[in-house]
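> one predicted model, sequence on top.
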Amino acid sequence: MDFDTIAAISTPTGEGAIAIVRISGDKALSIADAFYKGKHSLKDVDTHTIHYGHLVDPQTEEPVEEVMVSVLHAPKTFTKEDVVEINCHGGLVSVNKVLDLVLSHGARIAEPGEFTKRAFLNGRIDLSQAEGVMDLIRAKTDRAMNAALKQVDGRLSDKVRRLRQKLLETVANVEVNIDYPEYDAESVTLERLRAHAKEVRAEINELLATAKQGKILREGLATAIIGRPNVGKSSLMNSLVHENKAIVTDVPGTTRDVLEEYVNVRGVPLRLIDTAGIRETEDIVEKIGVERSHQVLKEADLVLLVINSAERLTDEDEALFQAIEGLNAVVILNKTDLDQKVDAGRVKELAQERPVITASLLKDEGIEELEQVISKLFFEEGVETADLSYISNARHIGLLNQAKQSIDEALAAAEMAVPVDMVQIDITRAWEQLGEIVGENVHDSLIDQLFSQFCLGK
Ligand SMILES: Nc1nc2c(c(=O)[nH]1)N(C=O)[C@@H](CNc1ccc(C(=O)N[C@@H](CCC(=O)O)C(=O)O)cc1)CN2
Ligand SMILES: Nc1nc2c(ncn2[C@@H]2O[C@H](COP(=O)(O)OP(=O)(O)OP(=O)(O)O)[C@@H](O)[C@H]2O)c(=O)[nH]1
Ligand SMILES: [Mg+2]
């Protein structure tokens, strides 16, 4: 396809050793060559080679930067277009000067995600692979990164293509039946269609079964630490992240706002949320914090309820147990190094089926057990798919559900002995819905919206 030449800074902003300005498009080489001075003209060098030299502003003849320039000829590049990457010194001023030079010689500044969008539009990758690229950048744990990498490699695309092929074959069968009714008795066709459709439905169900964990892998399990003031919530946060991120003091009401940290607990990504201790309070700042704590509770996938075992249970503790009714939770009886005053039997009763762990965060006791319980909660429920192909993207989940419904409708129609070409309509719809996952027949505005969520220079 014919596109203009784009450029962007492809490394994070800030000071670093090296920064890269990436250029892609027909004019990439001639643009870079206009201000590059080295041993050879960039037009004469082999593809996939890197060259030392200087950038010189042709107007002022002032040297701008000392650089290394990579030259990559189409089509074996990230975008399938000619690509030039200028590796310059990683200072804000330097890299922006280089970008300005590139832009003033005929390149246009790239939109967020535009390099990856070109890889898609030029047919190097499909839409689910492009979405995988973004997940790769955002991955917060090894596991999430592996899953994203598989998607970039086309694992999901291959699966979706196979399912579509299977549906297509049933449709082809139906066509034969319509065109040459004498070839294949309608009942035989329907029988085959039913069998194939059921197979596809089963595989879609398998994919959907990985979705819950996929979403958690991507976004982290929203884990709220709650409890009365001063019971050790912030201490728990610090123990789990193995760092002193949250302020811990012996003053009740220390944590005023909600504090978030990502942590990897035995492969389970947690989005840990430390909250303000929940109590009736007149302090205006603390009051807002307490309201936010209640809000966090509403959105939590998992609750860690901390109780001070060196004090008797209070009405506030009992109220907290009520507040977590119906939620996944682990109860932590903290401060076991002090004189024990809590009624452990009553806590067990209030916790119902939920795990209760005793801990002394001050002495670093109980954390191992808690980590074990969390990873068990996460992996026990289901399917830890061996090949790590999780579905985690809301768009994919929606489309899989739609395709499943279309197949259900086809199967229901087949049961009711409606004409076979009516059944075909439902199967074709399922085929189209699966196609949207890999980017077939998707609307331009959806494409634009998906890529605009990428970061600049990607
Ligand atoms: N300097 C630099 N590093 C980078 C990237 C980049 O664009 N520039 N990437 C950007 O994300 C990633 C690497 N991704 C890439 C993916 C495909 C191709 C590519 O040229 N593919 C061709 C040819 C493959 C081959 O030679 O075998 C193709 O698939 O046709 C290049 C980079 C990570 N590191
Ligand atoms: N003895 C003892 N003290 C602890 C233990 N865990 C935490 N503490 C102390 O309890 C006090 C409160 O701890 P924090 O972690 O700040 O408690 P919090 O629940 O976050 O308190 P707020 O933010 O005020 O709601 C601090 O002085 C901690 O050092 C423990 O296991 N044993
Ligand atoms: Mg705190």
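Perfect, thanks for sending it. Ligands and ions are numbered 1, 2, ... in the order given.
> alpha carbons only for contacts and neighbour counts from here, please
Noted.
> helix, strand or coil for the residue in the stretch 301-450 of the chain that ligand 3 sits nearest to?
Nearest to ligand 3, among the residues of the stretch 301-450 of the chain, is Val306, at 11.1 Å (C-alpha to the ion). Recorded secondary structure, Val306: strand (DSSP: H, G, I helix; E, B strand; the rest coil).
> bridging residues for it?
Gly227, Ile332 (DSSP bridges).
> distance of it relative to Leu362?
Distance of Val306 to Leu362, given as C-alpha to C-alpha, to the nearest Å: 14 Å.
> then Glu81?
58 Å.
> cool, Ile50 as well?
Taking C-alpha to C-alpha, one finds Ile50 at 55 Å from Leu362.
> strands along the stretch 1-150 of the chain, start to end?
For the stretch 1-150 of the chain, the strands defined by DSSP state E, counting those that start in this stretch cover 6-9, 18-24, 36-38, 49-56, 63-72, 83-89, 108-109.
> between the ones you listed, which one is nearest to Lys215?
Closest to Lys215 of the strands of the stretch 1-150 of the chain, according to C-alpha to C-alpha: strand 6-9, at 30.3 Å.
> tell me the buried residues in that closest one?
Across strand 6-9, burial judged by 16 or more other C-alpha atoms under 10 Å covers 6-9.
> how about the residues you listed in CSV, adding pLDDT?
Listed next are the buried residues of strand 6-9 as CSV, based on pLDDT from 0 to 100:
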residue, pLDDT
Ile6, 98
Ala7, 98
Ala8, 97
Ile9, 97
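> any idea how far the residue nearest to Pro355 when sequence neighbours are not counted is from ligand 2?
Nearest residue to Pro355, sequence neighbours excluded (C-alpha to C-alpha, 6 or more residues apart in numbering): Val330, at 5.3 Å. Going from Val330 to ligand 2 by C-alpha to the nearest ligand atom, to the nearest Å gives 16 Å.
> element containing Val330?
strand 329-334 (DSSP states H and E).
> re the thing from before, okay, the strands of the stretch 1-150 of the chain in a markdown table with distance to Thr249 next?
Putting the strands of the stretch 1-150 of the chain into a markdown table (distance: least, C-alpha to C-alpha, whole Å) gives the following:
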| stretch | distance to Thr249 |
| --- | --- |
| strand 6-9 | 44 |
| strand 18-24 | 42 |
| strand 36-38 | 59 |
| strand 49-56 | 55 |
| strand 63-72 | 51 |
| strand 83-89 | 44 |
| strand 108-109 | 50 |
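> still on that earlier bit, so the residue nearest to Pro355 sits against Phe321, correct?
No. Val330 is not in contact with Phe321 according to C-alpha atoms under 8 Å; the separation is 10.9 Å.
> those two: who's more crowded?
Counted by other C-alpha atoms under 10 Å, Val330 and Phe321 do not tie: Val330 has more neighbours, with 22 against 18.
> list the contacts for that one?
302-305, 354-357 (C-alpha atoms under 8 Å, 6 or more residues apart in numbering).
> cool, and Leu270?
The contact partners of Leu270, by C-alpha under 8 Å, 6+ apart, come to 220-223, 262-264.
> tell me if I am right that it is in a strand.
Yes. Assessed with three-state DSSP, Leu270 lies in a strand.
> let's have the strands of the stretch 1-150 of the chain in JSON lines, adding distance to ligand 3.
Listed next are those as JSON lines, based on distance: least, C-alpha to the ion, whole Å:
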{"stretch": "strand 6-9", "distance to ligand 3": "40"}
{"stretch": "strand 18-24", "distance to ligand 3": "40"}
{"stretch": "strand 36-38", "distance to ligand 3": "56"}
{"stretch": "strand 49-56", "distance to ligand 3": "52"}
{"stretch": "strand 63-72", "distance to ligand 3": "49"}
{"stretch": "strand 83-89", "distance to ligand 3": "43"}
{"stretch": "strand 108-109", "distance to ligand 3": "45"}
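> hmm, back to that, Val306 and Leu362 - which one has more neighbours?
The residue with more neighbours, out of Val306 and Leu362 and counting by other C-alpha under 10 Å, is Val306; that gives 28 against 14.
> local confidence estimate at that one?
On the pLDDT scale, Val306 is placed at 97.
> just give me the residue right at the centre of the chain.
Centroid check for the chain by C-alpha atoms, centre = their mean gives Arg218 as the closest residue, at 3.7 Å.
> flag the shaky bits of this structure, pLDDT-wise.
1, 174-188, 280-282, 285-290, 380-389 (pLDDT under 70).
> try it again with 50
Within the chain, the ranges that satisfy pLDDT under 50 run 382-383, 385.
> residues contacting Met422?
Taking C-alpha under 8 Å, 6+ apart, we find Met422 in contact with Ala413.
> host element of it?
helix 420-437.
> quick one: the helix or strand just after that helix near ligand 1?
Counting by DSSP H and E, the element after helix 420-437 in chain order, helix or strand, is helix 444-452. No. For a cut-off given as C-alpha under 6 Å from any ligand atom, helix 444-452 has no contacts with ligand 1; the smallest distance is 13.9 Å.
> chain center to helix 444-452: distance?
17 Å (C-alpha atoms, centre = their mean, to the nearest Å).
> contacting residues around Gly16?
Counting by C-alpha under 8 Å, 6+ apart, Gly16 touches 89-91.
> no wait, Asn205
The contact partners of Asn205, taken as C-alpha under 8 Å, 6+ apart, are Lys404.
> how about Ala224, secondary structure?
Secondary structure, three-state DSSP: Ala224 is strand.
> then Leu193?
Applying three-state DSSP: Leu193 is helix.
> what's the neighbour count on it?
When neighbours are counted by other C-alpha under 10 Å, Leu193 registers 26.
> go on, Glu415?
Neighbour count of Glu415, defined by other C-alpha under 10 Å: 12.
> wouldn't Ala276 be in contact with Pro229 here?
Yes. If you go by C-alpha under 8 Å, Ala276 and Pro229 touch, sitting 7.2 Å apart.
> so the two - more neighbours on which side?
Between Ala276 and Pro229, counted using other C-alpha under 10 Å, the more crowded position is Ala276 (31 against 22).
> and that one, how far from ligand 1?
For Ala276, the distance to ligand 1 - C-alpha to the nearest ligand atom - is 41 Å.
> ditto for Val67
14 Å.
> what of Leu236?
37 Å.
> okay, now that residue: neighbour count?
The burial count for Leu236: 25, using other C-alpha under 10 Å.
> is it true that Glu316 touches Gly277?
No. Applying C-alpha under 8 Å, one finds Glu316 not in contact with Gly277, separated by 10.5 Å.
> give me the common contacts of the two.
Common neighbours of Glu316 and Gly277 (C-alpha under 8 Å, 6+ apart) are Arg228.
> of these two, who's got more company?
Legend: neighbour count by other C-alpha under 10 Å for Glu316 and Gly277, higher for Gly277 (28 against 14).
> is that one in a helix, a strand, or coil?
Gly277 ends up coil, using three-state DSSP.
> ok, so what distance separates it from Glu291?
10 Å.
> ditto for Asn146
Taking C-alpha to C-alpha as the measure, Asn146 falls 38 Å from Glu291.
> what do you get for Ala310?
Distance, Ala310 to Glu291, using C-alpha to C-alpha: 26 Å.
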